[in-house]
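# requesting a structural model of the entry that follows:
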Amino acid sequence: MNDGVNGVALAVFIIFFVAVTAMGFLAARWRKAENEQSLDEWGLGGRSFGTWVTWFLLGGDLYTAYTFVAVPAAIYAAGAAGFFAVPYTILVYPLIFTFLPRLWSVSHKHGYVTTSDFVRGRWGSKSLSLAVAVTGILATMPYIALQLVGIQAVLDVMGVGGGENTNWFVKDLPLLIAFGVLAAYTYSSGLRAPALIAFVKDTLIYIVIAVAIIYIPIKLGGFDDVFASASEKYTAAKAGGLVPAEAGQWTYATLALGSALALFMYPHSITATLSSRSREVIRRNTTILPLYSLMLGLLALLGFMAIAAGVKVTNPQLAIPQLFEDMFPDWFAGVAFAAIGIGALVPAAIMSIAAANLFTRNIYKDFIKPDATPAQETKVSKLVSLLVKVGALVFVLTMDKTVAINFQLLGGIWILQTFPALVGGLFTRWFHRWALLAGWAVGMVYGTAAAYGVASPTQKHFGGSAKEIPGIGEIGYIGLTAFVLNVAVTVVLTFVLKAVKAPDGIDETSPEDYTADAGDPGVQTELPPATAGTSH
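Residues are numbered from 1 along each chain as shown. All right, here's what the predicted structure looks like:
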């Protein structure tokens, strides 16, 4: 690893960083809102984004700096098992085609800003809505932290911040500056900032991957040599290989399926979705978003290239930044680092906005100040978005990076437990609200306890997300096992509660709401005051 500062790469990185910072602040004037003191405007961009803006925003939201760093890092460290991210992103788009347009329609009709708004309205339960909101916030926090880890990895490889013995303030100052800039333009411009910057981010990533997939193999003697080097390393280390070992196939399959089910349960995915202007925009995006899966497959190959290039790092998360440093000319390494850095800023901004919206609508308004005005909601959401970023920054600066990664894995287990209440509610109201809450609780407790019991070479607890599946004996994804328990408890208790005629709650939606489009009679853009705080 380069011990000094790569001045050329750093200069290029700074140029791009300054450019997107300016765009972030100017975004407040892009598609300028008629009423800026509205959560619809600050938190959802006025629900006005078309097909291409939504595509870039969702791409910037889902394919993060951590994706750029962690997917090939998993290939670098563990072999083909790391490719699970590719099939799961292929599985997810047919899945969301079935339910995202329905969620958009009912949310647009009733002015829902968050998934918890829908859950409260559909099931008539503030308690269930609170459970979904808290789960979303908890799952999002470590995800934001990992975006900062991505920026920090790039800064480390460029030699910025000094060595391990450097004063902590000097070492972390670049990250603090990046955080401050992110916080400032998110506060001022809301969702419009990441939407505008996503154009730059995705363009840079496509350029970097296109160049890397051609240029680096040529320098390494071709793909034959790349795969041969990777195979030799895996064979020597007994760490998997170019094909997942038979013992790991259940883990691979369940992790891919569970991750596909969980991806659009994350608040930031739904925030980007609800910002679009019509249900047709959502349908189009589910058909063109797989282009990102193609990019992800090519991106994963960088892990093999890092092995063939002889990259040696103690932390696998540094493997790809170090590969770029070693293989690219300094100026293009700067472009690649900028792609990763900006790839952290866009999702971090969306995630903080999504978490803030959940707190504002489903904790502050439902439980603290039911009569909050739109202006008060927006002010609270802006402040909470800052606090969320501060929490993520403290997490990164005070905890070991592997802890952040494992908490993000735990977040995936948690967020999957909201699937029955959200997706189930989009198609049926057969489930009972109390049964859904009990199923969620069982899934959360089992998932957390099972993950706590997983050890790794570096950690006694929370060392991974796979464990033996009860009754089957195979090693599988804990989140999917917890989800199956969640659904089983929900179904059984629903039968019981319906048999004893337990109160079912009031559904404020109607069947036609799930197919409504912008411009249809009765479609609203704000939650009616009469329903904003009355469901129990």
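# relative to Gly310, how far out is the residue nearest to the spatial centre of the chain?
Residue closest to the mean C-alpha point of the chain, counted by CA atoms, centre = their mean, is Leu62 at 5.4 Å. Leu62 sits 32 Å away from Gly310, taking CB to CB, to the nearest Å as the criterion. Backbone N, C-alpha and C define where each C-beta goes, glycine included.
# just Ile216 next, same as before
Relative to Gly310, Ile216 is positioned 12 Å away (CB to CB).
# more crowded one of those two?
Legend: neighbour count by other CB atoms under 10 Å for Ile216 and Gly310, higher for Ile216 (21 against 10).
# mind listing what the residue nearest to the centre of the chain touches?
Contacts here follow CB atoms under 8 Å, 6 or more residues apart in numbering; on that basis Leu62 touches Thr89, Leu263, Ser269, Leu289, Tyr292, Pro347.
# quick one: Ala81 and Ala74 touch, right?
Yes - in terms of CB atoms under 8 Å, Ala81 counts as a neighbour of Ala74; the distance is 7.2 Å.
# now do stretch 9-28: distance to the chain's middle.
23 Å (CA atoms, centre = their mean, to the nearest Å).
# who's in contact with it?
154, 158-160, 178, 181-182, 184-186, 188-190, 192-193, 195-197, 200-201, 204, 325, 330-331, 333-335, 337-338, 341-342, 345, 349.
# helix or strand next in line after the host helix or strand of Ala348, which one?
Using DSSP states H and E, Ala348 sits within helix 330-359. Next in sequence after helix 330-359, counting helices and strands by DSSP H and E, comes helix 374-398.
# contacting residues for Arg283?
Residues counted as contacts of Arg283 (CB under 8 Å, 6+ apart) are Phe97, Pro101.
# need the phi and psi values for it.
Note on Arg283: backbone dihedrals following degrees, to the nearest 10 are phi -60, psi -40.
# what distance do you get for it to Arg102?
Taking CB to CB, one finds Arg283 at 11 Å from Arg102.
# swap in Leu410?
Applying CB to CB to Leu410 and Arg102 gives a distance of 29 Å.
# same check, this time on Gly248
For Gly248, the distance to Arg102 - CB to CB - is 36 Å.
# count of neighbours near the residue nearest to Leu318 when sequence neighbours are not counted?
Among residues not flanking Leu318 along the chain, Ala153 sits closest, at 5.4 Å (CB to CB, 6 or more residues apart in numbering). Applying other CB under 10 Å, we find 29 residues neighbouring Ala153.
# can you tell me the element Ala153 falls in?
helix 126-158.
# now swap in Asp224 and tell me
Going by DSSP H and E, Asp224 is in helix 223-237.
# and that helix, what's buried?
Val226, Phe227, Ser229, Ala230, Ser231, Lys233, Tyr234 (16 or more other CB atoms under 10 Å).
# try stretch 122-134
Buried residues in stretch 122-134 (16+ other CB under 10 Å): Arg122, Trp123, Gly124, Ser125, Lys126, Leu128, Ser129, Leu130, Ala131, Val132, Ala133, Val134.
# what's the closest of those to Asn315?
Val134 (31.6 Å; CB to CB).
# which ones are touching the closest one?
Ile363.
# hmm, back to that, now do the next helix or strand along the chain from the helix holding Ala153 against helix 330-359, angle only.
Following helix 126-158 in sequence order, the next helix or strand is helix 168-189 (DSSP H and E). Interaxial angle of helix 168-189 relative to helix 330-359 (axes from the mean of the first three to the mean of the last three CA atoms, to 10 degrees): 60 degrees.
# please renumber so the chain begins at 434
Noted, 434 is the first residue going forward, which turns the last one into helix 601-622.
# starting at the chain centroid, how far to helix 601-622?
20 Å.
# same deal with stretch 706-726?
That offset, for stretch 706-726, works out to 16 Å (CA atoms, centre = their mean).
# list the buried ones in it?
For stretch 706-726, a neighbour-count test (16+ other CB under 10 Å) marks 706-712, 714-715, 717-719, 722, 725-726 as buried.
# and stretch 439-449, by the same measure?
In stretch 439-449, counting by 16+ other CB under 10 Å, buried: Asn439, Ala442, Leu443, Val445, Phe446, Phe449.
# TSV for those, including distance to Gln809, pLDDT and secondary structure?
Formatted as TSV, the buried residues of stretch 439-449 follow (distance: CB to CB, whole Å; pLDDT from 0 to 100; DSSP: H, G, I helix; E, B strand; the rest coil):
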residue	distance to Gln809	pLDDT	secondary structure
Asn439	47	81	coil
Ala442	45	90	helix
Leu443	43	89	helix
Val445	43	93	helix
Phe446	39	92	helix
Phe449	37	92	helix
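# nearest to Thr927, of those?
Checking the buried residues of stretch 439-449 one by one against Thr927 (CB to CB), the nearest turns out to be Phe449, at 52.6 Å.
# what about Ala514, distance to Gly736?
For Ala514, the distance to Gly736 - CB to CB - is 11 Å.
# more neighbours, these two?
Gly736 (27 against 20).
# so Ala510 is in which element?
helix 498-511.
# give the next helix or strand downstream of that helix.
Using DSSP H and E, the first helix or strand after helix 498-511 is helix 518-543.
# relative to the whole chain's centre, how far out is that next one?
That offset, for helix 518-543, works out to 15 Å (CA atoms, centre = their mean).
# and if you look at stretch 906-914?
Its chain's C-alpha centre and that of stretch 906-914 lie 22 Å apart, by CA atoms, centre = their mean.
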